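K.L.:
Sequence first, predicted model second:
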Amino acid sequence: MFVRITEHKNKDGSVRRYLYIVESYRDKEGRPRQRVMCLGRVEELEKKGKIEELIERLIEISKKKAWVNIEKGLFVEWSKIWGPVYVFRKLWEESGLKEILKKIRNDYEITFDLEEGIFQMVLNRIVFPESKRGMFLRWKGNYFWGKEDTLSLHHYYRSLSILAREMEGIEKELYLRGRDLFSEEPYLTLFDTTRVYFEGNGVEDLAEYGYSRKNPDKKQIIVGIVMREEGIPIMQKVFKGDQVDKESFLEVIKEIKERFGIKRTILVADRGCVDRELIKEIEEEGMEYIVGIRMRKMKEGREAVGRGGKFSKGEDNLLVKEVKIRGRRYIVVKNEEEAERERRIREEVLISLREKIKGARNTLIGNRVYRKFLKIEKGAIKINEKKIKEEERFDGKWVILTNTNIEKSKVARYYKELWRVERAFRELKDVLQIRPIWHWSKERVLGHVGICFLALYLESYLGLKIRKGKSLRETIREMDRLSVVKLRREKGGNYLMRTEIPSSLCETFRELKIGFPPRILTCNDTPPC
């Protein structure tokens, strides 16, 4: 059977078109003949939607045979994950990273696609961190990149070296572009450091032995991160592994002013980063700060906690009071829930200690939890009641030093914003897996840290755009459900088609204002649309 359309002219010159379904057959003498099985006026059929209805009915009747024919003539060559590539490439372009790296490539005599190589390494950190070799051999083949991939392993290593040289310029470009996307200028600048260890001997003049609770036998570097109040990273800085935090802190302060030309910023840092000398140097630089101090170890901290005065209710259910000591402004903050928790833990420790002190006492001094509540008097081990009373004063409290004139409850809230940096470091170490470092050259080490920084930047950028309370990790995992399938027809022709988009991912697309990709991406091996 086949379809035929015939035309007939009317007297007024107009044309009538008829649709025929015609069957071919042979008569008794074996001569070929045709008979009309169905006919209708094309215009009338189109107007009433009968053509589509007829097609659908025919398909329904012969569904089983149709599927058998499809199965015989159509083959699935491969299926690859596309969702993370599609979404993060859009964010990559929107943030300006694509354009920035395209410009950098023009400054080097290279033939490979630098921007694509760095994008793939960044996405690898976000989705499923592997070594550069593992990424090349195992990981990237599972993803659909939307264009011909000509990158080899040595291209990734070369990209790391170039990135290390250009990282400062990239950070500045991102900061300048970010002024339009976020607040005009960061009011709060959050800073903290973390230690990243090496496998092997590390890099000369960079990897050194330093303080490390978990890996004291391994060489390390110190990585500092400066972030905006919104949680977007501004810059990263790599220091030698034996450099103390306060030296790193001062370097970063000077660099923020010189590189970014920020007119006014309030530097927020944890108590482990600063001491008296450093505070003096910060003030000499003319910068405002909100820093935590070691209230047990610093005289001013103990004084601030011991001073009288009423607490007032601040933000986030915190209690705050302001204390002036030798011309400096201290804010004492109290969290009543945390105070109750610390009191309960101490009571449990003391109950256990009073039982144990009756027996074998010598081992108690070596116990880190017990020994701060003990004293030796005339050769005997006793419970230090004075120390217990001192510890009660510190329950649920912390002390902040600031040279700003910001209202005290806001100072406490701004200091709490440091959780963003702590979360960023957890992300770097646990999810993006910045450690351990295996590279043996300084440029590749700095390039590896740069890749992790850009991954953190993109993740943070995504986190700002999706709904509050929505899990960032779950959103990224959901992207894996969007794939591309390559279909090949037996009679010729290849097709790339995407799978259906899950409803939760549709919601993410709307939040990010990303258009839905077409169902059919390409056919007959033409470049993807």
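P.N.:
Perfect, I can see it now. Residues are numbered from 1 along each chain as shown.

K.L.:
where does Gly224 land on pLDDT?
P.N.:
You'll see Gly224 listed with a pLDDT of 86.

K.L.:
hang on, isn't it packed against Arg195?
P.N.:
No - the pair Gly224 / Arg195 is not scored as a contact, 10.7 Å apart, by CB atoms under 8 Å. Every C-beta, even on glycine, is put in place using the N, C-alpha and C of the backbone.

K.L.:
Next, the buried residues of the longest strand seen in the chain.
P.N.:
As assigned by DSSP state E, the longest strand anywhere in the chain is strand 15-26. Applying a neighbour-count criterion of 16 or more other CB atoms under 10 Å, one finds 18-19 buried in strand 15-26.

K.L.:
State the mean pLDDT of that strand.
P.N.:
77.

K.L.:
export it as CSV, just CAs?
P.N.:
The C-alpha trace of strand 15-26 is given here as CSV (Å, rounded to 0.1, in the frame of the first residue of the first chain):
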residue,chain,number,x,y,z
VAL,A,15,-7.5,23.2,-7.4
ARG,A,16,-9.0,20.3,-5.5
ARG,A,17,-6.6,17.8,-3.9
TYR,A,18,-7.6,14.2,-2.9
LEU,A,19,-5.8,11.9,-0.6
TYR,A,20,-5.9,8.2,-1.6
ILE,A,21,-4.6,5.1,0.2
VAL,A,22,-3.9,2.7,-2.7
GLU,A,23,-3.3,-1.0,-2.7
SER,A,24,-1.4,-2.7,-5.6
TYR,A,25,-2.3,-6.2,-6.6
ARG,A,26,-2.3,-8.6,-9.6
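
K.L.:
Now do the SS call for the closest residue to Tyr108 other than its chain neighbours.
P.N.:
Excluding the flanking residues, the one nearest Tyr108 by CB to CB, 6 or more residues apart in numbering is Ile162, at 6.3 Å. Ile162 carries the three-state label helix when classified by DSSP: H, G, I helix; E, B strand; the rest coil.

K.L.:
Now for Ile162, how many residues are close by?
P.N.:
21 (other CB atoms under 10 Å).

K.L.:
Likewise for the one 3 residues further on?
P.N.:
Burial of Arg165 is recorded as 15 neighbouring residues (other CB under 10 Å).

K.L.:
wait, is it part of a helix?
P.N.:
Yes - the assignment for Arg165 is a helix, going by three-state DSSP.

K.L.:
contacting residues for it?
P.N.:
Contacts for Arg165 (CB atoms under 8 Å, 6 or more residues apart in numbering) come out as Glu443.

K.L.:
Can you tell me how far it is from Thr404?
P.N.:
37 Å (CB to CB, to the nearest Å).

K.L.:
again with Glu478
P.N.:
42 Å.

K.L.:
cool, Arg26 as well?
P.N.:
Separation of Arg26 from Thr404 (CB to CB) stands at 99 Å.

K.L.:
Phe260 now?
P.N.:
For Phe260 relative to Thr404 (CB to CB), the value is 20 Å.

K.L.:
Between these two, which is the more surrounded one?
P.N.:
Each of Phe260 and Thr404 has its neighbours counted (other CB under 10 Å); Phe260 has more, 19 against 13.

K.L.:
My guess is the more buried one contacts Leu174. True?
P.N.:
No - Phe260 lies out of contact with Leu174 (CB under 8 Å); the separation is 10.6 Å.

K.L.:
secondary structure element for the spatially most central residue of the chain?
P.N.:
Closest residue to the average C-alpha location of the chain: Glu459 at 2.3 Å, with CA atoms, centre = their mean. According to DSSP states H and E, Glu459 maps onto helix 442-465.

K.L.:
Same question for Ala412.
P.N.:
Going by DSSP H and E, Ala412 is in helix 408-416.

K.L.:
helix or strand right after that helix?
P.N.:
helix 419-426.

K.L.:
the bottom helix or strand of the chain by mean pLDDT?
P.N.:
Lowest mean confidence among the helices and strands of the chain (mean pLDDT, DSSP states H and E): helix 63-73, at a mean of 55.

K.L.:
what residues go with each domain of this structure?
P.N.:
2-61, 337-393 (automatic domain parsing).

K.L.:
which of the ones you listed sits most buried?
P.N.:
Among the domains of the chain, domain 337-393 has the highest mean neighbour count (mean count of other CB atoms under 10 Å), at a mean of 12.

K.L.:
what's the average pLDDT for it?
P.N.:
Domain 337-393 comes out with an average pLDDT of 80.

K.L.:
For stretch 405-420, what is the distance to the chain centroid?
P.N.:
24 Å (CA atoms, centre = their mean, to the nearest Å).

K.L.:
wait, stretch 382-394
P.N.:
That offset, for stretch 382-394, works out to 44 Å (CA atoms, centre = their mean).

K.L.:
Residues contacting that stretch, please?
P.N.:
295-296, 305-306, 343, 346, 350, 353-354, 357, 372-376.

K.L.:
at 7 Å instead, please
P.N.:
Stretch 382-394 is contacted from outside by 295-296, 305-306, 346, 353-354, 357, 372-375, using CB atoms under 7 Å, 6 or more residues apart in numbering.

K.L.:
out of these, which are inside strands?
P.N.:
Going by DSSP E, the strands hold 374-375 from the contacts of stretch 382-394.

K.L.:
would JSON lines of the contacts of stretch 382-394 with distance to Trp78 be doable?
P.N.:
Output for those, formatted as JSON lines (distance: CB to CB, whole Å):
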{"residue": "Met295", "distance to Trp78": "61"}
{"residue": "Arg296", "distance to Trp78": "61"}
{"residue": "Val305", "distance to Trp78": "65"}
{"residue": "Gly306", "distance to Trp78": "70"}
{"residue": "Arg346", "distance to Trp78": "61"}
{"residue": "Leu353", "distance to Trp78": "65"}
{"residue": "Arg354", "distance to Trp78": "69"}
{"residue": "Ile357", "distance to Trp78": "70"}
{"residue": "Lys372", "distance to Trp78": "62"}
{"residue": "Phe373", "distance to Trp78": "65"}
{"residue": "Leu374", "distance to Trp78": "67"}
{"residue": "Lys375", "distance to Trp78": "72"}
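
K.L.:
from the contacts of stretch 382-394, which single one is nearest Arg510?
P.N.:
Met295 (47.5 Å; CB to CB).

K.L.:
what's the closest non-adjacent residue to that closest one?
P.N.:
Met295's closest residue in space is Gly301 (CB to CB, 6+ apart), at 3.3 Å.

K.L.:
Contacts only, for that neighbour.
P.N.:
293-295, 399.

K.L.:
again with Gly134
P.N.:
By CB under 7 Å, 6+ apart, Gly134 has no neighbours at all.

K.L.:
Name the helix or strand for it, please.
P.N.:
Assigned by DSSP H and E, Gly134 falls in helix 132-134.

K.L.:
What is the distance between that helix and the centre of its chain?
P.N.:
20 Å.

K.L.:
Setting aside sequence neighbours, what's the nearest residue to Lys98?
P.N.:
Trp92 (5.5 Å).

K.L.:
Need the per-residue pLDDT for the one you found.
P.N.:
96.

K.L.:
ok, now which ones touch the nearest residue to Glu336 once chain neighbours are set aside?
P.N.:
Nearest non-adjacent residue to Glu336, counting by CB to CB, 6+ apart: Gly396, 6.2 Å away. Gly396 sits next to 334-336, 338-339, 342 when contact means CB under 7 Å, 6+ apart.
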